[in-house]
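>>> Sequence and predicted model, in that order:
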Amino acid sequence: MFRIAPPQAIGSAISFVDLQFSSEFRVDVGALASAIMREWIAGEPLVEWVEPAGGVGCLPHLTGLAGRDMDGFHRRLLADYGTYVGPGHWFDLPPQFIRIGSDWPTQTQLQRGLAGISGALRAELAAL
């Protein structure tokens with residue numbers, strides 16, 4: 001006997017397939033974003049971090065900015081470089097820490113954001 005599955009079962013099967021594909025895709029995207037972050041940090045002497053064991057966010061330390069107006073830094077980072085990061089105080093950390101979410105829509109956007117942070121750091125230190 002041939003049976004047609006009820007619409008609920010079809011929807012569940014499609015959702016499961018979508019979820020399985022989505023989670024596999026997210027792992028690949030997350031691994032690529034982590035590699036981009038590692039490469040940037042390795043080449044950026046004004047930033048240090050403890051590399052996270054997982055996830056798509058990190059809390060690097062902006063070295064050399066002690067005593068600086070970090071609220072102003074965040075405003076300039078957004079206004080001049082089009083880059084937004086979470087300030088350290090959101091996470092009960094000193095103001096020289098920032099939260100970078102590396103789960104951006106594209107690799108190019110992530111790389112532009114990291115370049116913006118580097119540019120803002122250099123501009124901040126040049127303004128001494």
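Cool, got the structure.
>>> Assign a three-state SS to residue 124, would you?
What DSSP: H, G, I helix; E, B strand; the rest coil gives for residue 124 is helix.
>>> Count the residues that sit near it.
Number of residues near residue 124 (other CB atoms under 10 Å) recorded here: 20. Placement of C-beta: from N, CA and C, glycine included.
>>> So for it, what's the nearest residue that isn't a sequence neighbour?
The shortest distance from residue 124 to any non-neighbouring residue, by CB to CB, 6 or more residues apart in numbering, is to residue 73 (5.8 Å).
>>> Assess the claim that the one you found and residue 122 are in contact.
No - if you go by CB atoms under 8 Å, residue 73 and residue 122 don't touch, sitting 12.0 Å apart.
>>> And these two? Which one has more around it.
residue 73 (22 against 11).
>>> on that earlier part again, mind pulling up the pLDDT for the residue nearest to residue 124?
For residue 73, the pLDDT comes out at 96.
>>> Backbone dihedrals for it, please?
phi -60, psi -50 (degrees, to the nearest 10).
>>> For residue 36, see how far away it is.
22 Å (CB to CB, to the nearest Å).
>>> Return the distance of residue 100 relative to residue 33.
Distance from residue 100 to residue 33, by CB to CB: 10 Å.
>>> Looking at those two now, which is surrounded by more residues?
Here residue 100 and residue 33 are compared on neighbour count by other CB under 10 Å; more neighbours surround residue 100, at 24 against 19.
>>> which residues touch the lengthiest strand in the chain?
Once the chain is assigned using DSSP state E, the strand that runs over the most residues is strand 98-101. Under the contact criterion CB atoms under 8 Å, 6 or more residues apart in numbering, strand 98-101 has outside partners 37, 56-60, 62, 85-88, 90-91, 113-114, 117.
>>> Sounds good, over and out.
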